[in-house]
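> predicted model and sequence below, questions to follow.
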Amino acid sequence: MTPLELAVLALIVGAAFATAALKSVLNSVVAFGAYSLSIAIIWVFLRAPTWA
């Protein structure tokens, strides 16, 4: 794994934890947005095809 992939993986784990731990709904939504964006970046790194 490259350092960039490790950084995105750390972002995924941190955003997932933040989404579950935050008490404010708005903050949880923002953290979930960061989680979703980082998952999309991982898909780009893997060159995964989209079938949608």
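Sure thing, it's come through. Given the structure is predicted, the values throughout are model-derived calculations rather than measurements.
> now do the contacts for the most centrally placed residue in the chain.
Nearest residue to the geometric centre of the chain (CA atoms, centre = their mean): residue 35, 2.7 Å. Under the criterion of CB atoms under 8 Å, 6 or more residues apart in numbering, the neighbours of residue 35 are 12, 15-16, 19. Backbone N, C-alpha and C define where each C-beta goes, glycine included.
> with secondary structure, distance to residue 5 and pLDDT added, can I get these in JSON lines?
Shown next, in JSON lines, are the contacts of residue 35 (DSSP: H, G, I helix; E, B strand; the rest coil; distance: CB to CB, whole Å; pLDDT from 0 to 100):
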{"residue": "12", "secondary structure": "helix", "distance to residue 5": "10", "pLDDT": "95"}
{"residue": "15", "secondary structure": "helix", "distance to residue 5": "15", "pLDDT": "95"}
{"residue": "16", "secondary structure": "helix", "distance to residue 5": "16", "pLDDT": "95"}
{"residue": "19", "secondary structure": "helix", "distance to residue 5": "21", "pLDDT": "94"}
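> distance from the chain centre to the longest helix anywhere in the chain, please.
The residue-count maximum for a helix in the chain (DSSP state H) belongs to helix 25-45. In this view, helix 25-45 has its centroid 4 Å away from the chain centroid, taken as CA atoms, centre = their mean, to the nearest Å.
> on that earlier part again, closest one of the contacts of residue 35 to residue 42?
Minimum distance to residue 42 across these is 7.1 Å, recorded for residue 12 (CB to CB).
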